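Q: okay, predicted coordinates and the sequence, questions at the end:
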Amino acid sequence: MKAFEPKIVAFCCHYCALAAADVAGKMGFQIPSNIRIIRVLCTGKVEVLHILKAFEAGADGVVVIGCKFGECYFKEGNFRAAKKVERVQSLIEEVGLEGERVKFDFVPGPGAKKFAAILSDMTEKVKSMGPNPLGQ
Amino acid sequence: MIVAERKPFSEILSMVENYSKIIVLGCGSCVTICMAGGEEEVKILASQLRLAFKKDKKNVEVEEFMALRQCDDEFMDDPVLIEKVQAADVVISMACGVGVQHATAFFNRVITDSPTRIVPALNTTFMGANIGVGVWEERCVGCGDCVLEKTGGICPVTRCAKSLLNGPCGGSSNGSCEINKDTECAWHLIVERLKALDELDRIKPVEMYKDWRPSHDGGPRKIVREDMRL
């Protein structure tokens, strides 16, 4: 049987996470191939519904990666994103999915190593939880 | 506005789990403003339902629709909406209790071949104001006999825990009500406001007991404006 490779959607802030992704590639850090990166101008723009739609479409996990608290280019976008992620956790728990399938994290602009680590950790965590039981 | 909040998902799911064609119908008025039953909330509930049904391997169709105001025929009389409701097994109304009841009456009047089943997704809580981002507080109980001109625009019927009409009780402490430190004493607010207006005399006359007959009593209240009727 083919090993389970989780599909993970990563909403990445243009100003930090995406820059980190770019540097990570250049520095040769391994980013799991199962990650689908979606660039957003600010994580504050990621709506609850965007994350729910990712699960509806069969994502096994979602990670929202923004700037460190206090360093958001738009001042408070990352605080908003963290709150929305918390809300999604409770919404998906209500339907019987594990809340840990979605998380918020942050990287500093040049944090290529941390960026790769966040995605690897999420991949491992979702692997341990198994596929999205919605059975896409 | 009418303020409502969504019922727990498990309760909503239990109302509709035996049906295979569901419409989630939002309302574009009060419950949109209080972020309980507007377009965004309709999409979130529909998405949750799709996820829950998919998880249980049930083939259920969940559609989303908005009515600008579910408590008014004019805004419900949309041929596309009526056609969709006709084809559905159940409609989850995300309006307040008024909207749910009006939608039930409306659809059962215009769709005559089969009865329409409407279930509520919200608990209607109170008539209130948005006092901060994400915070609403009750401001009117609809007693039917407004006293705001005597009390500086602060309603003692709604905001005093005892609905007192002749000043505060002994539980008023430093401007807070004894039921909860975060609840302001309505009579403290009234006295301060009237002092600022230099109109403290307004509350000198003793108010007699309140006539509650114009309030909710003896069935639903009704207003008929003959000048508006043909």
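A: The structure has been received and is ready for your questions.

Q: so what are the sheet partners of the strand of greatest length in chain B and their directions?
A: Longest strand in chain B by number of residues (criterion: DSSP state E): strand B:122-132. With DSSP bridges as the test, strand B:122-132 is paired with strand B:2-6 (antiparallel), strand B:135-140 (antiparallel).

Q: which other helices and strands contact the lowest-mean-pLDDT helix or strand in chain A?
A: Across the helices and strands of chain A, mean confidence by mean pLDDT, DSSP states H and E is lowest for helix A:17-27: a mean of 87. If you count contacts as 3 or more C-beta pairs under 8 Å, 6 or more residues apart in numbering or on different chains; DSSP states H and E, helix A:17-27 packs onto strand A:8-13, strand A:35-40, strand A:61-66, helix A:112-129. Every residue, glycine included, has its C-beta placed from N, CA and C.

Q: what inclination does it have with respect to strand A:61-66?
A: 100 degrees (axes from the mean of the first three to the mean of the last three C-alpha atoms, to 10 degrees).

Q: okay, angle between helix A:17-27 and helix A:112-129 too, please.
A: 100 degrees.

Q: now do the buried residues in helix A:17-27.
A: Neighbour counts over helix A:17-27 (16 or more other C-beta atoms under 10 Å in any protein chain shown) mark A:17-21, A:23-24 as buried.

Q: for chain B, state which of those is nearest.
A: Nearest to chain B out of those is residue A:17 (C-beta to the nearest C-beta; 24.7 Å).

Q: ok, that closest one - contacts?
A: A:10, A:65-66, A:107, A:115 (C-beta atoms under 8 Å, 6 or more residues apart in numbering or on different chains).

Q: return the distance of stretch A:110-120 from the chain's centre.
A: Relative to its parent chain, stretch A:110-120 has a centroid offset of 12 Å by C-alpha atoms, centre = their mean, to the nearest Å.

Q: same question for that stretch, mean pLDDT?
A: Averaging pLDDT along stretch A:110-120 gives 89.

Q: just stretch B:202-220 next, same as before
A: Stretch B:202-220 comes out with an average pLDDT of 89.

Q: can I get it as CSV, trimmed to CA atoms?
A: Extracted in CSV, the C-alpha atoms of stretch B:202-220 (Å, rounded to 0.1, in the frame of the first residue of the first chain):
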residue,chain,number,x,y,z
ARG,B,202,-37.2,65.1,35.8
ILE,B,203,-37.0,62.1,38.2
LYS,B,204,-38.4,63.8,41.2
PRO,B,205,-42.1,62.8,40.6
VAL,B,206,-42.7,59.3,41.9
GLU,B,207,-43.5,56.9,39.1
MET,B,208,-46.5,54.8,39.8
TYR,B,209,-46.3,51.1,39.1
LYS,B,210,-45.7,50.3,35.5
ASP,B,211,-48.5,49.4,33.2
TRP,B,212,-47.3,46.2,31.6
ARG,B,213,-50.3,45.8,29.4
PRO,B,214,-48.6,47.3,26.3
SER,B,215,-45.7,44.8,26.9
HIS,B,216,-45.8,41.1,25.8
ASP,B,217,-49.0,40.1,27.4
GLY,B,218,-52.2,38.5,26.0
GLY,B,219,-50.7,37.1,22.8
PRO,B,220,-48.8,38.7,20.0
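
Q: just to revisit the earlier point, need the CA coordinates for the least confident helix or strand of chain A. PDB is fine.
A: Presented in PDB, the C-alpha positions along helix A:17-27 are these (Å, rounded to 0.1, in the frame of the first residue of the first chain):
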ATOM      1  CA  ALA A  17       6.900  33.300   5.100                       C
ATOM      2  CA  LEU A  18       7.100  33.600   1.300                       C
ATOM      3  CA  ALA A  19      10.500  35.300   1.600                       C
ATOM      4  CA  ALA A  20      11.500  32.500   3.900                       C
ATOM      5  CA  ALA A  21      10.300  29.900   1.400                       C
ATOM      6  CA  ASP A  22      12.300  31.500  -1.300                       C
ATOM      7  CA  VAL A  23      15.500  31.600   0.800                       C
ATOM      8  CA  ALA A  24      14.800  28.000   2.100                       C
ATOM      9  CA  GLY A  25      14.800  26.800  -1.500                       C
ATOM     10  CA  LYS A  26      18.100  28.600  -2.300                       C
ATOM     11  CA  MET A  27      19.800  27.300   0.900                       C
END
